[in-house]
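# Sequence plus the predicted model coming up.
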Amino acid sequence: MLRCLIVDDDELGRELLAVQMEPYALCDLAADGYEAVAMYTAALFEGRPYQVIFLDIVMPGMDGHGAARAIRKLEEERGIPAGQGVNIVVLSSLNTPQDIIQAYIAAQSAAHLVKPVRLDKLLKTLRKLELIPEEQV
């Protein structure tokens, strides 16, 4: 089964996304970037890496951009080629074209979802990333 990490400082947001993902993935939850990097590192070293990380950008402490940079650096150190690491899906309430482009570039993300996440958009994103088959939806 798909493994995912949901990172958001909003507890309700984390829980709602986990409920939406429940039929498709085993989800772990993190409240900030520091916790996300620690959980990603542990999963990678245990040989049970995440296939997707839903990463809020605006968080206190280490924000989503910082967490994404740390995750990509760890992948580079582990010899994981660029473009073959974990799929990062940016979560943001910001929806301007500039915000979306910045999120893609800064987080080296595979997709962007606007919060609150709608189930149809979530499933479309998972299919686009080939994380769930068409017939599973």
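Arrived safely.

# Do a quick rundown of the strands in this protein.
Using DSSP state E, the strands of the chain run over 2-7, 25-30, 52-56, 87-92, 111-114.

# what packs against the first one?
Meaning strand 2-7. Counting contacts by 3 or more Cβ pairs under 8 Å, 6 or more residues apart in numbering; DSSP states H and E, strand 2-7 packs against helix 11-21, strand 25-30, helix 33-45, strand 52-56. In this view, the C-beta of every residue, glycine as well, is placed from N, C-alpha and C.

# repeat for the shortest one
Contacts defined by 3+ Cβ pairs under 8 Å, 6+ apart place strand 111-114 against strand 87-92, helix 97-107, helix 119-128.

# which of those sits most buried?
strand 87-92 (a mean of 24; mean count of other Cβ atoms under 10 Å).

# May I see the helices and strands packed on strand 2-7 arranged in a markdown table, with mean pLDDT and mean neighbour count as well?
Shown next, in a markdown table, are the helices and strands packed on strand 2-7 (pLDDT from 0 to 100; neighbours: other Cβ atoms under 10 Å):
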| stretch | mean pLDDT | mean neighbour count |
| --- | --- | --- |
| helix 11-21 | 97 | 16 |
| strand 25-30 | 98 | 19 |
| helix 33-45 | 97 | 18 |
| strand 52-56 | 96 | 28 |
